[in-house]
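Enquirer: take a look and give me a structure for this.
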Amino acid sequence: MRLGISSLGHLVDKALRGKFKSMVELLFNSIEASLNFAERYDIEVVEIILDPPEIYNKKERDNIIDLCNAYSIEKQVHAPFTDVSLCSFNQNISDATVKSCIDAAEFCQQIGAEILTVHPGVGHFLIKKVREFNNLQLVSATNKLLDATSQFNVKVCMENMPKDAHMLGNVEVIRSFLSRSDRDDIYFTFDTSHAWTTDMNQDLYWKNFHSLIKNVHLADNNNKDTDLHPALGDGKVDFSKILNLANEFNYEGVFIIEIITGRALRRSIKYINSLI
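Expert: Got it, this is the predicted structure:
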């Protein structure tokens, strides 16, 4: 089992302390803290959160690329997800999100990361019928993204979303997305907390899509209306079942611990190791 961590926990910790002069400093320091943690505790992979995405400015990008390349640890990248939405039926927002994800794929190439996790966005909060337009827009935006990044050695992995996002939350919707997209270069990041909030049929998900799952986010939850990512073992997600499914379908990717605070990383690692 290959275990990794997300830089999310350190990002949130440092943001809550408020001791940063710019968003770039916040991002840089959280990435550095995550890489140092992984090196200290023999963690194989770090998933780097590119949110906020100020590093797309060339000078700042080069500084963070140099930071990442100073560590031999394997890296993944999570594309920006705040204030963006691939599935937005506001074409300007969807197009801007595609561009942001393309920039993230280029960043992957520059640090040797082969996995890029992308959020599909958020469907209409109220009107179910309108969400069909969100679904169609997601297909269009995904095709644009994949066409634009085809020259990179990067797998774009679409993440299943939580209940309140109304996007890619169950097997039928995901199957429809794949059918409409009609491509062989779409992959998935399976988020355990998101799946729990939508009551996803995980057996069916793994049966149908196991060959496309290239990343797993290990995240806990105890409230289906929120997505707070507490320490693993503090919520209600059945991680034993998930690990068994991954083993049954010969999953060879990384399990990324994605929690809201870096202070609980060691406890979460210990918890997952106790289930192996």
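Enquirer: show me where the stretch 51-200 of the chain has its strands.
Expert: Listed in chain order, the strands of the stretch 51-200 of the chain (DSSP state E, counting those that start in this stretch) span 74-78, 115-118, 155-159, 187-191.
Enquirer: can you tell which of those strands is closest to Asn135?
Expert: With CB to CB as the measure, strand 155-159 is the member of the strands of the stretch 51-200 of the chain nearest Asn135 (12.5 Å). (Each C-beta comes from the backbone N, C-alpha and C, glycine too.)
Enquirer: ok, back up a step: need the strands of the stretch 51-200 of the chain in TSV (columns: mean pLDDT and mean neighbour count).
Expert: Formatted as TSV, the strands of the stretch 51-200 of the chain follow (pLDDT from 0 to 100; neighbours: other CB atoms under 10 Å):
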stretch	mean pLDDT	mean neighbour count
strand 74-78	99	24
strand 115-118	99	26
strand 155-159	99	23
strand 187-191	99	25
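Enquirer: can you pull out the helices in the stretch 51-200 of the chain?
Expert: Ranges of helices in the stretch 51-200 of the chain, per DSSP state H, counting those that start in this stretch, are 58-69, 91-111, 131-148, 171-181, 192-197.
Enquirer: and among these, the most buried is which?
Expert: With neighbours taken as mean count of other CB atoms under 10 Å, those reach their highest mean count in helix 192-197, at a mean of 24.
Enquirer: ok, which of the strands of the stretch 51-200 of the chain comes nearest Ile65?
Expert: strand 74-78 (10.7 Å).
Enquirer: what's the burial count for the closest residue to Ala165 other than its chain neighbours?
Expert: Setting aside the residues directly before and after it, Ala165 is nearest to Val122 in space (CB to CB, 6 or more residues apart in numbering), at 4.8 Å. Counted with other CB atoms under 10 Å, the neighbours of Val122 add up to 20.
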